[in-house]
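> pasting a predicted model and its sequence here:
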Amino acid sequence: MIAAGLMVSFPGALWASTGKVKLDHANIDIHDTESLRRGAKYFANYCFNCHSIRFMRYSRVAKDLDISEDDVSKTMLFTGAKIGDAMNIALDPEDAKRWFGVAPPDLSVVTRSRGVDWIYTYLRSFYKDESRPWGVNNAVFKDVAMPHVLWELQGLQEATTGTINSKEGVEHTVITGFNLIEKGKMNPDEYNNVVRDIVTFLAYVGEPTKATRLNLGRWVLGFLVVYFVVMFLLKKEYWKDVK
């Protein structure tokens, strides 16, 4: 344990009991291959036991992230799956319901449905709550059934609260920040970078062709600019003698 005076702050953010939240900017870069590789590793180690990404295949990850199929087999293939298979999990949905109260969702398109900022803020917003089955709650997703699987990296934090008045004059309790009460293996900046890597990987999983599409788009726009200049000069040449 360390003194509760150590604050993990989120500037300007307030988490209300109504579930409304000001999200922190994830600031990811889907072109950062190293971040994607680290994110794939962290996802395999901490998320893949419960959450599938069934719209993605192991072979696609190996190809896109320039990881050898042998390395993918050693670090991700835990269920007897083959390299060309979809990335499903062995966890039985009925067992999951008994343990967690609900089956963990597939995360193939979670960044497209929730947004990268939501995932980034969510994974940094678990706090101690003895009333919950796993002893933690989440400021972004109140009473979530998921345990804090990254606690050994982040440590354990408690929420600090305050009150605000709505426009109607109703007083609400809000979470204003977090105090770190038990150190993890990483300091806050290191942990934030881990979460950013995981979010980057999930953003790639949600749209694997996005980086290629963006790069192609730049070439297309460049071509159109050059084409416009050429056509403009041709127009001037053809019409220069027309009175």
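All right, it came through fine.
> the host helix or strand of residue 217 - what's its average pLDDT?
Assigned by DSSP states H and E, residue 217 falls within helix 210-239. Helix 210-239 carries an average pLDDT of 84.
> tell me what that helix is packed against?
With contacts taken as 3 or more C-beta pairs under 8 Å, 6 or more residues apart in numbering; DSSP states H and E, helix 210-239 sits against helix 188-206. No exception for glycine: its C-beta is placed from N, CA and C like everyone else's.
> any buried residues in the helix it packs on, and which?
Buried positions in helix 188-206, judged by neighbour count with 16 or more other C-beta atoms under 10 Å: 188, 191-192, 194-206.
> surely residue 122 touches residue 140?
Yes. Using C-beta atoms under 8 Å, residue 122 is in contact with residue 140, at 4.3 Å.
> nearest spatial neighbour of residue 100, chain-adjacent residues omitted?
residue 145 (4.5 Å; C-beta to C-beta, 6 or more residues apart in numbering).
> who touches the helix or strand where residue 62 lies?
In this structure, residue 62 is located in helix 58-64 according to DSSP H and E. Residues from elsewhere that reach helix 58-64 (C-beta atoms under 8 Å, 6 or more residues apart in numbering): 36, 40, 67-69, 71-73, 76-77, 81-85, 87, 204, 208.
> quick one: buried ones out of those residues?
Buried residues within the contacts of helix 58-64, counting neighbours by 16+ other C-beta under 10 Å: 36, 40, 67, 72, 76-77, 81, 83, 87, 204, 208.
> residue 180: which of these is nearest?
Closest approach between these and residue 180, by C-beta to C-beta: residue 40, at 27.6 Å.
> now do the buried residues in the helix or strand hosting that closest one.
Per DSSP H and E: residue 40 is located in helix 33-46. Across helix 33-46, burial judged by 16+ other C-beta under 10 Å covers 33, 35-44, 46.
> what packs against that helix?
Using 3+ C-beta pairs under 8 Å, 6+ apart, helix 33-46 sits against helix 188-206.
> can you list contacts of the helix it packs on?
Contacts of helix 188-206 with the rest of the structure, by C-beta under 8 Å, 6+ apart, involve 8, 26-30, 32, 35-36, 38-40, 42-43, 46-47, 53, 55-56, 64, 107-112, 116, 119-120, 123-124, 150, 153-154, 180, 184, 186, 210-211.
> biggest strand in the protein by residues?
strand 171-183 (DSSP state E).
> and that strand with helix 188-206, angle?
110 degrees (axes from the mean of the first three to the mean of the last three C-alpha atoms, to 10 degrees).
> what is the mean pLDDT for strand 171-183?
Averaging pLDDT along strand 171-183 yields 89.
> buried residues, that strand. List them.
The neighbour-count check on strand 171-183 (16+ other C-beta under 10 Å) flags 174-181 as buried.
> burial count for residue 151?
Around residue 151 there are 18 other residues, counting by other C-beta atoms under 10 Å.
> try the one 5 residues further on
Residue neighbour count, defined by other C-beta under 10 Å, stands at 20 for residue 156.
> repeat for residue 74
10.
> ok, then the element right after the strand or helix carrying it?
According to DSSP H and E, residue 74 maps onto helix 69-75. Heading C-terminal from helix 69-75, the first helix or strand you meet, by DSSP H and E, is strand 86-87.
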